[in-house]
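Trainee: for reference, the sequence and a predicted model appear below.
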There are 2 protein chains.
Amino acid sequence: MTSSKDAQLPDFQPTQRTKIKRLFQRAVFDRKTVYEILDAGLLCHVGYVIEGQPYVTSTAYWRLDDRVYWHGSSVSKMLKAVEKGIDACFTVALMDGLVIARSGFHSSINYRSVVALGQAEKITGEAEKLAALEAFEGRLAPGLWADQRPVHKQELKASTVLSMKLEEVACKVRTGPPGDDEEDYDLDIWAGVVPISTVVGAPEDDPRLKAGIPQPDYLKQIKIG
Amino acid sequence: MTSSKDAQLPDFQPTQRTKIKRLFQRAVFDRKTVYEILDAGLLCHVGYVIEGQPYVTSTAYWRLDDRVYWHGSSVSKMLKAVEKGIDACFTVALMDGLVIARSGFHSSINYRSVVALGQAEKITGEAEKLAALEAFEGRLAPGLWADQRPVHKQELKASTVLSMKLEEVACKVRTGPPGDDEEDYDLDIWAGVVPISTVVGAPEDDPRLKAGIPQPDYLKQIKIG
């Protein structure tokens, strides 16, 4: 989701830590592409360190303007560590296909990935927290937020919502067919791309669903990947 | 892939670092389930620390007995850091569905996840490296390895293959419908699960594919998620 105030922000600039040294032709720094990837994904992987040990926790996320958000129980180990503003890494990777070359060496994966380094901030105000959660549900399916029962005060208290500003960002995209060694193109070996996609299936009613409640239209709008 | 020597290994035991404190009913420690999740996934997220900054890099992986493997260019920043045997975190997360409850608070995601803490080891022997790469291609599609042209010596040298023993492992699985507050079941709100799956599409021939080469049968066996 992008508001008008965000339209003027410049593209990302590589730093020493986000400079892509290998396969730099795959590096992307324009803000529009980064936002498109972030808006397509749903699951991120957050990296953080506790007592010297790195941890990687997967969780749902969403984007609003130049920030990514994630949330969970206030007693989550990941959230309790990251909310302190320690150095963190936010990674999203979407797989689009297996690239099968004539050699294993040139075989690859088509993907879109975003890595953001930074520190997360905890959203403390009740109204801000509610607005962030509403944005999350809006990303999932417009109409979901209005349909569900209102959030209880104690639920809001039991939830932590974090956000991280997108500042130090590396983005990589690979698309297209394999790039084989020139002499290998003449070999009698199949090569090409096997597409991979995330598919949203037909909704399954809760076995305890009250009689007479139809599946809402917004379910058809859920899109991931 | 599991060889007979691995059949007797015990289940995983939670440590202080992998004990699941929240929603412990989702915790799984039996080896069979952990292996099934790892064998279903293709993309892992590796966490590691360079100069105090955590990084999370997504990459393809595979499993053989009680080890996970990943590989890439010898000059990859991630591999160069992790091959030194520093503390790392290996995470796989598979999304199976959106769990839409009658409240946002009880909405969730159906998923399968494995987190392994440990240090990676670099595979140095040529034969061992080739065997590991063959196992990777075997996981992708049985027949692929035999079909592609043999690996060149310099390609093997330019590739790093790492493995990590599965010792300190946390595994979490959520399945099934939402669990709403008892008083909410009577509300006129839809609830249920929207399934999410990874779909392997129809293979696309390389535009430079030599005439007369059919799509090999092993492409039909590729399965992810």
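Mentor: Everything's here; your move.
Trainee: what is the mean pLDDT for the longest helix anywhere in chain A?
Mentor: In chain A, ranked by residue count with DSSP state H as the criterion, the top helix is helix A:126-140. Mean pLDDT, computed over helix A:126-140, is 97.
Trainee: now that helix: buried residues?
Mentor: A:129, A:130, A:132, A:133, A:135, A:136, A:137, A:138, A:139, A:140 (16 or more other Cβ atoms under 10 Å in any protein chain shown). All C-beta spots, glycine's among them, are computed from the backbone N, C-alpha and C.
Trainee: repeat for stretch A:63-77
Mentor: A:63, A:64, A:65, A:66, A:67, A:68, A:69, A:70, A:71, A:72, A:76, A:77.
Trainee: over to stretch A:16-25?
Mentor: A:18, A:20.
Trainee: again, but for stretch A:195-207
Mentor: A:195, A:196, A:198, A:200, A:203, A:206.
Trainee: next one: stretch A:205-225
Mentor: For stretch A:205-225, by 16+ other Cβ under 10 Å, it's A:206, A:209, A:216, A:218, A:219, A:222, A:224, A:225.
Trainee: and the helix or strand of chain A with the lowest mean pLDDT, anywhere near chain B?
Mentor: Least confident helix or strand of chain A, by mean pLDDT, DSSP states H and E, is strand A:27-28 with a mean of 83. No - using Cβ under 8 Å from any Cβ of the partner chain, we find that strand A:27-28 stays clear of chain B, coming within 13.2 Å at best.
Trainee: next one: stretch A:170-182
Mentor: Yes - Stretch A:170-182 reaches chain B (Cβ under 8 Å from any Cβ) through A:177, A:178, A:180.
Trainee: next, count neighbours for the second one.
Mentor: Neighbours of residue A:178 under the rule other Cβ atoms under 10 Å in any protein chain shown: 19.
Trainee: residue A:197 contacts residue B:197, doesn't it?
Mentor: No - in this structure residue A:197 lies outside contact range of residue B:197 using Cβ atoms under 8 Å: 9.5 Å.
Trainee: going along the chain, name the helices of chain A.
Mentor: A:31-40, A:77-82, A:126-140, A:144-147, A:153-157.
Trainee: to chain B, which of these lies closest?
Mentor: Of all these, helix A:153-157 sits nearest to chain B, with 4.2 Å by Cβ to the nearest Cβ.
Trainee: OK, contacts around residue A:31?
Mentor: A:9, A:10, A:11, A:12 (Cβ atoms under 8 Å, 6 or more residues apart in numbering or on different chains).
Trainee: ok, now residue A:216?
Mentor: A:143, A:144, A:147, B:190.
Trainee: which one (most neighbours) among those?
Mentor: residue A:144 (23 neighbours).
Trainee: and which of the contacts of residue A:31 is nearest chain B?
Mentor: residue A:12 (16.7 Å).
Trainee: now do the closest one against residue A:120, distance only.
Mentor: 18 Å (Cβ to Cβ, to the nearest Å).
Trainee: show me where chain A has strands.
Mentor: A:27-28, A:43-50, A:53-64, A:67-73, A:87-100, A:108-122, A:159-165, A:168-174, A:192-200, A:204-205 (DSSP state E).
Trainee: for the last one, packing partners?
Mentor: Spelled out, that is strand A:204-205. Judged by 3 or more Cβ pairs under 8 Å, 6 or more residues apart in numbering or on different chains; DSSP states H and E, strand A:204-205 is in contact with strand B:192-200.
Trainee: again, but for the second one
Mentor: Other helices and strands packing on strand A:43-50, by 3+ Cβ pairs under 8 Å, 6+ apart, are strand A:53-64, strand A:67-73, helix A:77-82, strand A:87-100, strand B:43-50, strand B:53-64, strand B:87-100.
Trainee: before we move on, what about the first one?
Mentor: Here strand A:27-28 touches strand A:168-174, going by 3+ Cβ pairs under 8 Å, 6+ apart.
Trainee: now do the third one
Mentor: In terms of contacts (3+ Cβ pairs under 8 Å, 6+ apart), strand A:53-64 is packed against helix A:31-40, strand A:43-50, strand A:67-73, helix A:77-82, helix A:126-140, strand B:43-50, strand B:87-100, strand B:108-122.
Trainee: gap between that strand and the chain center?
Mentor: 9 Å (Cα atoms, centre = their mean, to the nearest Å).
Trainee: that strand pairs with which strands, parallel or anti?
Mentor: Strand pairing for strand A:53-64, using DSSP bridges, gives strand A:43-50 (antiparallel), strand A:67-73 (antiparallel).
Trainee: mean pLDDT added to these, as TSV?
Mentor: As requested, these are exported to TSV (pLDDT from 0 to 100):
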stretch	mean pLDDT
strand A:43-50	98
strand A:67-73	97
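Trainee: nearest to residue A:109, of those strands?
Mentor: Each of the strands paired with strand A:53-64 has some distance to residue A:109 by Cβ to Cβ; the shortest is strand A:43-50, at 16.2 Å.
Trainee: need the contact list for the residue nearest to residue A:113 when sequence neighbours are not counted.
Mentor: Ranked by Cβ to Cβ, 6 or more residues apart in numbering or on different chains and with sequence neighbours excluded, the top spatial neighbour of residue A:113 is residue A:93, at 4.3 Å. Residues near residue A:93 by Cβ under 8 Å, 6+ apart: A:41, A:45, A:111, A:112, A:113, B:43, B:45, B:58.
Trainee: quick check on the first one: phi, psi?
Mentor: Phi and psi for residue A:41, reported as degrees, to the nearest 10, are phi -80, psi 170.
Trainee: which one of the contacts of residue A:93 is nearest residue B:104?
Mentor: Among the contacts of residue A:93, and counting by Cβ to Cβ, the member closest to residue B:104 is residue A:41, at 19.9 Å.
Trainee: stretch A:131-143 near chain B anywhere?
Mentor: Yes - for stretch A:131-143 and chain B, the contact criterion (Cβ under 8 Å from any Cβ) is met by A:133, A:137, A:140.
Trainee: turn the contacts of residue A:31 into TSV, including pLDDT.
Mentor: As requested, these are exported to TSV (pLDDT from 0 to 100):
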residue	pLDDT
A:9	87
A:10	87
A:11	87
A:12	89
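Trainee: show me where pLDDT drops low in chain A?
Mentor: Chain A contains residues with pLDDT under 70 at A:1-7, A:21-22, A:24.
Trainee: ok, now with 90
Mentor: A:1-29 (pLDDT under 90).
Trainee: residues contacting residue A:186?
Mentor: residue B:210.
Trainee: count of residues packed around residue A:125?
Mentor: Neighbour tally, residue A:125, other Cβ under 10 Å: 9.
Trainee: torsion angles phi and psi at it?
Mentor: The phi/psi pair for residue A:125 (degrees, to the nearest 10) reads phi -70, psi 140.
Trainee: check the gap between it and residue A:132 for me.
Mentor: Applying Cβ to Cβ to residue A:125 and residue A:132 gives a distance of 10 Å.
Trainee: same thing with residue A:146?
Mentor: Residue A:146 is 16 Å from residue A:132, by Cβ to Cβ.
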